[in-house]
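[1] below is the structure, and that's it, no one-letter string:
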């Protein structure tokens, strides 16, 4: 099985209460990039103490989710093979990286996975759906509040007057 460089990226604002659990599930990555967009809690301090985590602070005015998400993606090393885009209230199951690498190859540019939005008291999914926030490093961009999309696909759909 090939070893890939896997990086997680996220945006953060006042996520202190989620950081410990989130980091525990993300630390299988080689590096973790976080763009803090103006926390006034201790999120930046907590993140700065964690191994593998690179934190940058940036105020985005006027606020735009897509701009923030793209700035966090821009932080990811250019030689990263696999990017994992998450939010701080999301966790990945132990062994996620091994499973991802087992199913990745040089023809894959994006992965669709089952996302459990809510669970019952026995941890069974109540609401779940597919997400595709795992992708290659280059040629992706976030559009509004969506999953990252291929840049070339975006550009080919734009009218010539744009």
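    Good, I have the coordinates. Remember, it's a predicted structure, so these values are computed and weren't measured experimentally.
[2] following element in sequence after the helix or strand containing residue 35, please.
    Using DSSP states H and E, the secondary-structure element containing residue 35 is strand 31-36. Moving toward the C-terminus from strand 31-36, the first helix or strand encountered (DSSP H and E) is helix 43-48.
[3] please identify the buried residues of that following helix?
    Residues of helix 43-48 classed as buried: 43-44, 46-47 (neighbour count, 16 or more other C-beta atoms under 10 Å). Where C-beta positions appear, they are placed from N, C-alpha and C, glycine not excepted.
[4] show the contacting residues for residue 135.
    Each residue near residue 135 by C-beta atoms under 8 Å, 6 or more residues apart in numbering is listed here: 82-83, 85, 109-111, 148.
[5] which of the three states applies to residue 90?
    When the structure is split into helix, strand and coil by DSSP: H, G, I helix; E, B strand; the rest coil, residue 90 lands in coil.
[6] which SS state does the residue nearest to it when sequence neighbours are not counted fall under?
    For residue 90, ignoring the flanking residues on the chain, the nearest one in space by C-beta to C-beta, 6 or more residues apart in numbering is residue 22 at 7.2 Å. Judged by three-state DSSP, the three-state class of residue 22 is helix.
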